[in-house]
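A.B. asks: Provided below for reference: sequence and predicted model.
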Amino acid sequence: MDVSGFDVSSVNPSSPQASAPKTGVPGAPSSRTSGNSGSILISKDTSGVFARPGAKTAASSTPTRESEQEFMKQHDQEIRDAHSRWGKMINSYYRQYPVMRQIDADFSGLDRYMALQRRYRQDRDLYAWARDTFALPEVRATLGKYMADPDFWRMAPGLAKDALQIPSQSFYAATQHFAASDPTMVSFVQGFLQDMTKNIGAMVQGLPPGTDPGQMQNLARQFTPGATAVNP
């Protein structure tokens, strides 16, 4: 496999068929209100709003938080529709790839992560969920562990492509802005790129034939400062 497209120098190395997933697959918060089986991405939110009127967080009065809550309210239907489509997509990958079922099981065992899932079901605050989830060392470590697994990379190109084609342009642009401007998310994306570089051997081994490893790095770069807000 040709690895010439993978830009290592751009990253600072110092810095069987199954039923539906359980509860732990990362990537979007759960909208479930019971212990039913199924991916945290599966259930369509039926609460009416992603940011419930009156929901409060520790930083809810700051200009940034006010603009985030306004965005969630204005784009509520779009977010809920995307959430439902992501869930169906993840459910498909869960059935197809054993590694997705392993990821789900591992994340289901992270107590602080699952506590954030439960909190999300109460406040529907997507921004707060993302900040607090990707700040958790155990979340970053678990993702890093699977990036060393070739089976993860066999699944990754299709998963990334399908996931990034779901949002509308406005939703996608807002996601890029958040990832490239919020300190927690900037740190997470930088660490993700570092893990890609560190695990290039597993990536090359696992990627489907004809897949350029640089394409995966370029997808991650779309969520770094200065990236152009255009769907892939």
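C.D. replies: Received, thanks.
A.B. asks: low pLDDT regions in this protein?
C.D. replies: Flagging of the chain using pLDDT under 70 yields the residue ranges 1-62, 227-232.
A.B. asks: quick one, helices of it?
C.D. replies: All helices of the chain, identified by DSSP state H, fall at 63-74, 76-96, 98-108, 111-123, 126-134, 137-147, 150-164, 169-181, 183-198, 200-206, 213-221.
A.B. asks: show me what contacts the nearest residue to residue 102 once chain neighbours are set aside?
C.D. replies: Leaving aside its sequence neighbours, residue 102 sits nearest to residue 146 (CB to CB, 6 or more residues apart in numbering; 7.8 Å). No exception for glycine: its C-beta is placed from N, CA and C like everyone else's. Contact analysis of residue 146 by CB atoms under 8 Å, 6 or more residues apart in numbering lists 99, 102-103, 152.
A.B. asks: ditto for residue 196
C.D. replies: Under the criterion of CB under 8 Å, 6+ apart, the contact partners of residue 196 comprise 11, 147, 203, 216-217, 220.
A.B. asks: Out of these, flag the one nearest to residue 167.
C.D. replies: Taking CB to CB as the measure, residue 167 lies nearest residue 220 of those, at 16.4 Å.
A.B. asks: separation between that closest one and residue 164?
C.D. replies: Residue 220 is 11 Å from residue 164, where distance means CB to CB, to the nearest Å.
A.B. asks: Kindly report the same for residue 70.
C.D. replies: Distance, residue 70 to residue 164, by CB to CB: 24 Å.
A.B. asks: More neighbours: those two, which one.
C.D. replies: For residue 70 and residue 164, the more surrounded residue by other CB atoms under 10 Å is residue 164, and the numbers stand at 15 against 11.
A.B. asks: what's the neighbour count on residue 201?
C.D. replies: Counted with other CB under 10 Å, residue 201 comes out at 11.
A.B. asks: which ones are touching it?
C.D. replies: For residue 201, no residue meets the contact criterion (CB under 8 Å, 6+ apart).
A.B. asks: re earlier: as a markdown table, the contacts of residue 196 with neighbour count and distance to residue 159 would be great.
C.D. replies: Output for these, formatted as a markdown table (neighbours: other CB atoms under 10 Å; distance: CB to CB, whole Å):
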| residue | neighbour count | distance to residue 159 |
| --- | --- | --- |
| 11 | 21 | 21 |
| 147 | 20 | 13 |
| 203 | 24 | 14 |
| 216 | 21 | 11 |
| 217 | 21 | 16 |
| 220 | 18 | 13 |
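A.B. asks: Dump those into a markdown table; add distance to residue 182 as well.
C.D. replies: As requested, these are arranged in a markdown table below (distance: CB to CB, whole Å):
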| residue | distance to residue 182 |
| --- | --- |
| 11 | 20 |
| 147 | 22 |
| 203 | 27 |
| 216 | 22 |
| 217 | 21 |
| 220 | 16 |
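A.B. asks: Out of the residues you listed, the closest to residue 173 would be?
C.D. replies: When these are compared for distance to residue 173 (CB to CB), residue 220 wins out at 16.8 Å.
A.B. asks: Tell me who's in contact with the closest one.
C.D. replies: Shown in contact with residue 220 (CB under 8 Å, 6+ apart): 189, 192-193, 196.
A.B. asks: ok, back up a step: among the contacts of residue 146, which pair sits farthest apart?
C.D. replies: When CB to CB is used, the two most widely separated members of the contacts of residue 146 are 102 and 152, lying 9.3 Å apart.
A.B. asks: neighbour count winner among these two?
C.D. replies: Neighbour tally, residue 102 and residue 152, criterion other CB under 10 Å: the higher count belongs to residue 152, 22 against 15.
A.B. asks: Alright, I will stop here.
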